[in-house]
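Engineer: when you get a sec, could you give me coordinates for this:
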Amino acid sequence: MSVGLAIDHLEELWPAKLRGARIGALLHPASVSATLIHTSRLLEQQDGRLFKLAAFFGPQHGFLGQTQDDMIEWHGYTHPRLGIPIYSLYGEHRAPDPAMLRDLDLLLVDLQDIGARYYTFIWTLYLAMEACEAAGVHVVVADRPNPINGVTTEGPLLDPAYRSFVGLHPIAVRHGQTIGELAQRFRSEAFQKCALTVLPMSGWKREMWFDETGLPWVMPSPNIPTLETAVVYPGMCLVEGTNISEARGTTRPFELFGAPFIDAAELTRDLNAQGLSGVYFREHYFQPTFHKFAGELCGGAQLHVTNRGTFRPFETGLTIIRRIRERYSNYFRWKQPPYEYEYKRLPIEVLLGGAVEDFFPS
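Structural biologist: Take a look at the predicted model:
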């Protein structure tokens, strides 16, 4: 059974009270229909019928997904065919400012999340809701599946003292919610005066993984090429907070990890002896084309998820870092700030949403 996306049923789902509204739309490359039509095209078809399309917005990596690496800002521009502004929410602004919202009645958000607190698209939604509440702009969220299912949660709740752009509200690392459910939670717990409408999916069940939805996979960002990447990401993103390569600059980011000082055979024996569920570590070597250790030969491993139902990515990520830190203490280092607009706290603390000593005792 295929899941029906809200964006494929705009005409029947669009509230009557919002017909004729001047709208902006927050989109990225994975904002597509079940037949791979980009949401911007679907909105263009309804322009002048359901609403008046006035602006686009884009999150981290750009409206077109044009920025490869993390922490690379992009600048807004004018849509070449429609002549309307495309505003960047990952640069000078991470939330719409009043000028961007001045001529809008409504902001439509259609973003594919991947189910992990560190993934910034949900925080762009959060900041957009905050700005829209202040400006009196209605928010409409087109719901989409959580690709790593809506049942399993993992990891600690964010400590509010460690708020950042990779965690602005107390949710678990693997949160188990859809973007529409998160919007409802944010409104209930943080923005109670925000006018919010969630356009529902049909046919989605909480236990579904993305490859069970019947929907096509489109990379939501350049380093999440596959569903398999999304499955490991809630743990392997922690490697970003270290001097270990998370294999950006390869074709398997986050599934591979390593460094020039690691003995791959030794490390994989160690990790496979830890008894982690649903995963096997295979000795692997790689040369990143960019990012950490670009052009250098790294020894490490590839994670092979053998049972995604029992696999716990956050526990796995912690274990990998703990074993490397202990085994290669002369080489291992915590990455230093800045990281995602945080200039004081260690990146690993920003990712964990808490003090490093609570997870990695000295």
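
Engineer: in the protein, what helix or strand scores lowest on average pLDDT?
Structural biologist: strand 77-78 (a mean of 92; mean pLDDT, DSSP states H and E).

Engineer: show me what it is packed up against.
Structural biologist: Judged by 3 or more Cβ pairs under 8 Å, 6 or more residues apart in numbering; DSSP states H and E, strand 77-78 is in contact with strand 85-88. To be clear about C-beta, it is placed using only N, CA and C from the backbone, and glycine gets the same treatment.

Engineer: what about the strand it packs on, average pLDDT?
Structural biologist: Mean pLDDT, strand 85-88: 96.

Engineer: which helix or which strand is home to the residue positioned nearest the centre of the chain?
Structural biologist: When Cα atoms, centre = their mean is applied to the chain, the residue found nearest the centroid is Tyr119 (2.7 Å). Assigned by DSSP states H and E, Tyr119 falls within no helix or strand.

Engineer: tell me the confidence at it?
Structural biologist: Here, the pLDDT recorded for Tyr119 equals 96.

Engineer: grab the nearest non-local neighbour of it.
Structural biologist: Asp113 (6.1 Å; Cβ to Cβ, 6 or more residues apart in numbering).

Engineer: Tyr87 touches Gly58, doesn't it?
Structural biologist: Yes. Between Tyr87 and Gly58 there is a contact at 7.4 Å, judged by Cβ atoms under 8 Å.

Engineer: sketch out the low-pLDDT regions of this structure for me.
Structural biologist: 1, 68-71 (pLDDT under 70).

Engineer: what ranges do the helices span in it?
Structural biologist: 10-13, 39-46, 98-101, 121-135, 179-189, 227-236, 264-272, 313-327, 347-352 (DSSP state H).

Engineer: isn't Met201 up against Asp143?
Structural biologist: Yes. Using Cβ under 8 Å, Met201 is in contact with Asp143, at 4.9 Å.

Engineer: all strands for the stretch 101-250 of the chain, in order.
Structural biologist: Shown for the stretch 101-250 of the chain, the strands assigned by DSSP state E, counting those that start in this stretch span residues 106-109, 138-142, 154-157, 172-174, 196-199.

Engineer: closest to Ser245 out of the ones you listed?
Structural biologist: Evaluated over those, closeness to Ser245 peaks at strand 172-174, with 21.2 Å, by Cβ to Cβ.

Engineer: now for that closest one, which elements pack on it?
Structural biologist: Using 3+ Cβ pairs under 8 Å, 6+ apart: strand 172-174 touches strand 154-157, helix 313-327.

Engineer: the last one vs helix 227-236, what angle?
Structural biologist: Regarding helix 313-327 and helix 227-236, their directions subtend 60 degrees when assessed with axes from the mean of the first three to the mean of the last three Cα atoms, to 10 degrees.

Engineer: and helix 313-327, what other elements does it pack with?
Structural biologist: Against helix 313-327 (3+ Cβ pairs under 8 Å, 6+ apart) you get strand 154-157, strand 172-174, helix 227-236, helix 264-272.

Engineer: which one of the ones you listed has the most crowded surroundings?
Structural biologist: Sort the helices and strands packed on helix 313-327 by mean neighbour count, taking mean count of other Cβ atoms under 10 Å, and helix 227-236 sits at the top with a mean of 24.

Engineer: packing partners of that helix?
Structural biologist: Packed against helix 227-236 by the contact rule (3+ Cβ pairs under 8 Å, 6+ apart) you find strand 298-305, helix 313-327.

Engineer: just so I know, which of the ones you listed lies nearest Arg49?
Structural biologist: With Cβ to Cβ as the criterion, Arg49 lies closest to helix 313-327 of the helices and strands packed on helix 227-236, at 43.5 Å.
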